[in-house]
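1. sequence and predicted structure, then a few things I'm wondering about:
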Amino acid sequence: MLRAGSTVTCIACKNLLPSRMGVKFRVPLQKLHPFSRAIHHRYSSNNNQQRPPHCSAARHYTSLSRLPMRPHKSRSGGHGYQQHRSFWVARLAVRLLKLRYILLGSAVGGGYTAKKTYDEWKDMFPDMSQYTWIVPDFVWELSENIDLDKLASALPQLEEIAKLLPDMEKIGENFTFLKSLLSTETTGESTLRVTDVPPTSASRADSSDKQFKKQGLLSELILIQQQIQQHEEEMRRAAADNAPPPPSEPSPTPAPNPSPSQSKRKSSDKERIDQLQEELLRTQLKYQRMLERLEKENKELRKVVLQKDDKGIHQRNVKKSLIDMYSEVLDILSYYDSNYNTQDHLPRVVVVGDQSAGKTSVLEMIAQARIFPRGSGEMMTRSPVKVTLSEGPHHVAMFKDSTREFDLGKEEDLAALRHEIELRMRKSVKEGQTVSPETISLSVKGPGIQRMVLVDLPGVINTVTSGMAADTKETIFGISKAYMQNPNAIILCIQDGSVDAERSIVTDLVSQMDPQGKRTIFVLTKVDLAEKNLASPSRIQQIVEGKLFPMKALGYFAVVTGKGSSNESIDSIKDYEEDFFQNSRLLRDGMLKAHQVTTKNLSLAVSDCFWKMVRESVEQQADAFKASRFNLETEWKNNYPRLRELDRNELYEKAKNEILDEVISLSQVTPKHWESILQKKLWERVSTHVIENIYLPAAQTMNSGTFNTTVDIKLKQWTDKQLPHKALEVAWETLQEEFARFMAEYKGKDQDDIFDKLKEAVKDESIKRHKWNERAMDSLRVIQHNALEDRSITDKPQWDAAIQFMEETLQSRLKDTDSIISDMVGPDWKQRWLSWTNRTPEQHIRNETKNELERLLKLHEDHTAYLANDEVTTVRKNLEARGVEVDPVLIKDTWHQLYRRHFLQKALLHCNLCRRGFYYYQRHFVDSELECNDVVLFWRIQRMLAITANTLRQQLTNTEVRRLEKNVKEVLEDFGEDTEKKGQLITGRRVQLAEDLKKVREIQEKLEAFIEALHKEK
């Protein structure tokens, strides 16, 4: 900071005074501008050292002041102070400072005014966003998804592109020639005149010509179109002038002969009409060829530009087009079955016609590819085919449920596409049927294709032929009516022009569905054959004018779809169609209008009608689905307030995870648990055989050697034939029971009952598919045989365990035998008195038989297991002596149970005696009356059971559980792919309600997205 001494004057204040003015007084500080006072006091000092500087004003503008505020003191007047008060110089400085602020304010105000004026002018310009519909869709898609800078750098030089452009000089020459041709005058007056411009002076005509030249190619085409309209007007006027007068009342006087002048005038008028017709036809054809050539060159140029990107634009995930969004909505609606009467009223073009009338050929011409299978006179369209047409850089086709693209420019891809469509049709037809209502969805994209959705239906037939189902005719009628009853569907009625119109069936059907003809477009095919075969060509005129049929329509068209050969290409068919109409007298004589012929005009008209119908009806349909969604959500909230809205697929995934968790739980079962269950179940399965067929026969022997021999033989036979099979059966049943047990235990943990049917089906199917490893049986047989051959008990605990096992088995058998005998003889005296029950006559006979046989056993305790015949006779005679008639079979049956009880009682006594027999066993029962070979038998059985259970457990945990888990996964995958199966296993109102909610929401969201995109396109 600069500081000046007390004697140095303020430099800033001195500079305000001119150097040539000799002013000796100074300006009073109080009259200076506050900012000037601040500057003055910062850089100047006063003679009065006691007066503090005036800092109040400077504190607002500068940060240089640091002194505290002090009270103001009055200044003392002095001569030195008065010299510095330059009054008028200070006033000049003040004025200059004010001028600076004025200039600054004027600059700010002027800028604001200019900005406001710019905004007002900007608002006056029209909103160009309303005219975005003029630009095709692919331009916006390119601008949104393509790096234009990169594309511009990749494009060739201007010289290369210029080679691809059409020769504009030749086009100009053609236009000049065409214009000169149209400007020729016949019969003294102009034959071509622009209808919108009245005839005026020659100078005005010259200015009009210059104006059209300035407008360029589009103006020339408009001029030609207007001149064509003028031709038609003059032809109609000439025809009206040449028409005979209406018949008047009959007159007795004969009509006078026409004069030669009148005859000459009539002949000149006729020649004039013929000449006008020829010129009109020639002009129309040239106009049409010129348009097609320009469109073709434009299409090729656009295709080159689109394909120039190195990465390939068609391979990118570009934004969905408007027609693709609409097609997705129709696909969802085709599978939607609403319970709230929300019907599908969205527009689509329904193609109907008699069989072999050319429906498919017309659709192929619109799609610009031979994509459908063809046959000679037989039914080829067996199910509805929905074709979504849209514009794209490449001519390709794709099915809705597939990612494969068929290149329609390659014949092998076309053949593969036709074959795939035919396979899908035949697959959709159920056994015993000829046609199917299932829709096949296909999308076709290509340059210049009109955007729309068409549905090709099976041809209407009049008679069911051999090989068809009996209800084929009614089924086709039902399918056609189902599509045509949609009030917003556009009916494309195809009529074969080569056959008599009276043989058609489809016209009556269309008249029933659309009596007023507000949404019907009539198409007459095979016009070339019709012109050759019909003796009266005016009949074709009556058809296309709607005068022959009672059916009404929005428009009538006549097309030619080829010569009838299946090998014709689309280009050759187009050329043939153009040549035919160029040389046809139907168009030359005025029976057909130019806009009524060719499939190109037909596709343009159908596309315009389709989009008009879409814009008029789509919002109403969206409101209907919105109301349906509200109803469904209200029902869900009232009935299932605490449950999530899971549809059938989501519920299936949840159940699938639960089932897999249950299968995984099988691998967590402990080995001890497996072996305990297996051993118990195996003994329950084989215990009867061991007691009845091994132990009891061996116990009838006289000595231990015979006992052991009999046991070894019986065990060997049992091991070779039955034991391994029984063991594997037990293991498989145990695995099933454990699987079911885990599923039942999991069910108690917040299990949803809606999964019960699915889980039961999965369990049954998995068990059905599971096959035990057959090689395990051979190894198991060897293990069991080795276990049963071992008879060496090593220690006392094993002996005691065998004793316990034998005792439990015998006690269990004895209990069962006592129960059987009790049922045979009926209640005893105690039960009869307490329960007030009596024995039946049969039980009384058995009771008497039992008493007689018990006396026999008391006399012969060592009796064999079977009664001799003389013993049976003795028992029967003894019973007859007491008045009881008994059959010998009943005696033997009763003896079997009594002897078993007697044997088991003796075996239990022997088992108790053998508790201390381990010592004698170690000595091989030498010098001992106690023989415990039966204990050894039960030890061998027990050891075999333990080893078998261990072997089966290892096989279960290592192999079978994993194979079962694999089977369960396969079953779940199969069920997941089978929509019909899931519908059978997961049912209920809750599931159906969630399904409807999901579909309605999806439809509504897609409809709203489509409507938004539709509004943007507008």
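-> Arrived safely.

2. got phi/psi on H863?
-> Phi and psi for H863, reported as degrees, to the nearest 10, are phi -70, psi 150.

3. name the nearest residue to it, ignoring sequence neighbours.
-> L857 (6.2 Å; Cβ to Cβ, 6 or more residues apart in numbering). Glycine gets a C-beta too; all of them are placed from N, C-alpha and C.

4. report pLDDT for the one you found.
-> Looking at L857, its pLDDT is 87.

5. how many neighbours does it have?
-> 15 (other Cβ atoms under 10 Å).

6. and it, which of the three is it?
-> In three-state terms, and counting by DSSP: H, G, I helix; E, B strand; the rest coil, L857 is helix.

7. hmm, R901 and it touching each other?
-> No. Assessed by Cβ atoms under 8 Å, L857 is found out of contact with R901, at 9.5 Å.

8. what about the strands in this protein?
-> 185-186, 189-190, 349-353, 385-391, 396-399, 406-407, 440-446, 452-456, 490-496, 520-525, 555-558 (DSSP state E).

9. so for the second one, mean pLDDT?
-> Summarised as a single mean, pLDDT over strand 189-190 is 35.

10. ok, now the fifth one?
-> When the per-residue pLDDT values of strand 396-399 are averaged, the result is 90.

11. dump the strands of the chain into JSON lines; add distance to V686 and mean neighbour count as well.
-> Below are these laid out as JSON lines (distance: least, Cβ to Cβ, whole Å; neighbours: other Cβ atoms under 10 Å):
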{"stretch": "strand 185-186", "distance to V686": "118", "mean neighbour count": "11"}
{"stretch": "strand 189-190", "distance to V686": "118", "mean neighbour count": "12"}
{"stretch": "strand 349-353", "distance to V686": "73", "mean neighbour count": "26"}
{"stretch": "strand 385-391", "distance to V686": "66", "mean neighbour count": "22"}
{"stretch": "strand 396-399", "distance to V686": "61", "mean neighbour count": "19"}
{"stretch": "strand 406-407", "distance to V686": "66", "mean neighbour count": "20"}
{"stretch": "strand 440-446", "distance to V686": "61", "mean neighbour count": "22"}
{"stretch": "strand 452-456", "distance to V686": "69", "mean neighbour count": "24"}
{"stretch": "strand 490-496", "distance to V686": "78", "mean neighbour count": "26"}
{"stretch": "strand 520-525", "distance to V686": "82", "mean neighbour count": "25"}
{"stretch": "strand 555-558", "distance to V686": "87", "mean neighbour count": "23"}
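
12. nearest to I323, of those?
-> strand 385-391 (4.4 Å; Cβ to Cβ).

13. against which helices or strands is that closest one packed?
-> helix 322-334, helix 359-367, strand 440-446, strand 452-456 (3 or more Cβ pairs under 8 Å, 6 or more residues apart in numbering; DSSP states H and E).

14. between the ones you listed, which one is closest to F625.
-> F625 lies closest to helix 322-334 among the helices and strands packed on strand 385-391, at 9.4 Å (Cβ to Cβ).

15. and L442, how far from A627?
-> L442 sits 32 Å away from A627, going by Cβ to Cβ, to the nearest Å.

16. Y921 now?
-> Counting by Cβ to Cβ, the gap from Y921 to A627 is 91 Å.

17. so which of these two has more stuff around it?
-> Set Y921 next to A627 and count neighbours by other Cβ under 10 Å: Y921 wins out with 22 against 12.

18. residues contacting the nearest residue to the more buried one once chain neighbours are set aside?
-> Nearest residue to Y921 in three dimensions, chain neighbours excluded: C932, at 6.1 Å (Cβ to Cβ, 6+ apart). By Cβ atoms under 8 Å, 6 or more residues apart in numbering, the residues touching C932 are 910, 914, 917, 920-921, 925.

19. turn these into JSON lines, including distance to E729.
-> As requested, these are exported to JSON lines (distance: Cβ to Cβ, whole Å):
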{"residue": "H910", "distance to E729": "33"}
{"residue": "C914", "distance to E729": "33"}
{"residue": "G917", "distance to E729": "36"}
{"residue": "Y920", "distance to E729": "39"}
{"residue": "Y921", "distance to E729": "34"}
{"residue": "F925", "distance to E729": "38"}
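
20. lovely, talk soon.
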